[in-house]
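Peer 1: Requesting a structural model of the entry that follows:
(chains A and B)
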Amino acid sequence: GAGVSQSPRYKVAKRGQDVALRCDPISGHVSLFWYQQALGQGPEFLTYFQNEAQLDKSGLPSDRFFAERPEGSVSTLKIQRTQQEDSAVYLCASSYPRGAGPLSSYNSPLHFGNGTRLTVT
Amino acid sequence: AQTVTQSQPEMSVQEAETVTLSCTYDTSESDYYLFWYKQPPSRQMILVIRQEAYKQQNATENRFSVNFQKAAKSFSLKISDSQLGDAAMYFCAYRGETSGSRLTFGEGTQLTVNP
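Peer 2: Below you'll find the predicted structure:
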């Protein structure tokens, strides 16, 4: 498909389990973002990749959160030893088509996936 | 740090009527973008409209328009001729020149459209 794809759509984990959430961005998009959206709130920034480089991880709430994008395409957000406060929707977004020019990095619109709803019991 | 505030947790409108959603923001940057996103129950964030801060003219996209007041740091969304499909959560968002490409979102406004 042409959009951002996230899997799984729903994930239930017992407290203490590790989870991995996958994001397939739009083909050719350089930038990839992860956001966390708690129930009834706006999304909050977690981390940002430009190609395979993680340029900003300042939003990751703890060292239990880890993201990677090894080949500059698919990204995985991993949460270790999940806690109840990790329950949220995790949104992935991509932008900035490769070859569009450096200014486009700033003004390219973000395209979001449908998110993964994580419930930690 | 930049902040975005949406003071209306819920709004409702009659079908075919007009509704305005409010958003204010705080920043010390001179160059930035402002956005309105729509999030239906499918959870996908859909871009409704965006405004570049250096442009004085208010952005419009069909039935959607904004009232951008830079001095007041206000960015409201007007939906004309509301349709049942407009019902969703609406988020105001900010992207600044020094924040890289990250977006800062408001808390959201749940819009209900009554037939």
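
Peer 1: Around chain A, which positions in chain B sit nearby?
Peer 2: B:4, B:33, B:35, B:37, B:42-47, B:50, B:52, B:91, B:93, B:95, B:97, B:100-108 (Cβ under 8 Å from any Cβ of the partner chain). (C-beta placed from N, C-alpha, C; glycine too.)

Peer 1: Determine which residue lies closest to the centroid of chain B.
Peer 2: For chain B, residue B:36 is the residue whose C-alpha lies nearest the centre (Cα atoms, centre = their mean; 3.1 Å).

Peer 1: hang on, I meant chain A
Peer 2: The residue lying closest to the centre of chain A (Cα atoms, centre = their mean) is residue A:34, at 2.7 Å.

Peer 1: secondary structure class for that residue?
Peer 2: Under DSSP: H, G, I helix; E, B strand; the rest coil, the three-state class of residue A:34 is strand.

Peer 1: Same question for residue B:101.
Peer 2: The assignment at residue B:101 comes out as coil when based on three-state DSSP.

Peer 1: My guess is it contacts residue B:93. True?
Peer 2: No - counting by Cβ atoms under 8 Å, residue B:101 sits too far from residue B:93 to count as a contact (11.9 Å).

Peer 1: my guess is the residue nearest to the centre of chain B is in a strand, correct?
Peer 2: Yes - the assignment for residue B:36 (three-state DSSP) places it in a strand.

Peer 1: Helix or strand: which one has the nearest residue to residue A:57 once chain neighbours are set aside?
Peer 2: Of all residues not flanking residue A:57 in the chain, residue A:47 sits nearest, at 4.5 Å (Cβ to Cβ, 6 or more residues apart in numbering or on different chains). Assigned by DSSP states H and E, residue A:47 falls within strand A:44-50.

Peer 1: Give me the distance between the residue in chain B that chain A sits nearest to and residue A:82.
Peer 2: Nearest residue of chain B to chain A (Cβ to the nearest Cβ) works out as residue B:105 at 3.4 Å. Here residue B:105 is placed at a distance of 24 Å from residue A:82 (Cβ to Cβ, to the nearest Å).

Peer 1: and what of residue A:70?
Peer 2: From residue A:70 to residue A:82 the distance is 23 Å (Cβ to Cβ).

Peer 1: Give me the more crowded residue out of these two.
Peer 2: Set residue A:70 next to residue A:82 and count neighbours by other Cβ atoms under 10 Å in any protein chain shown: residue A:82 wins out with 21 against 9.
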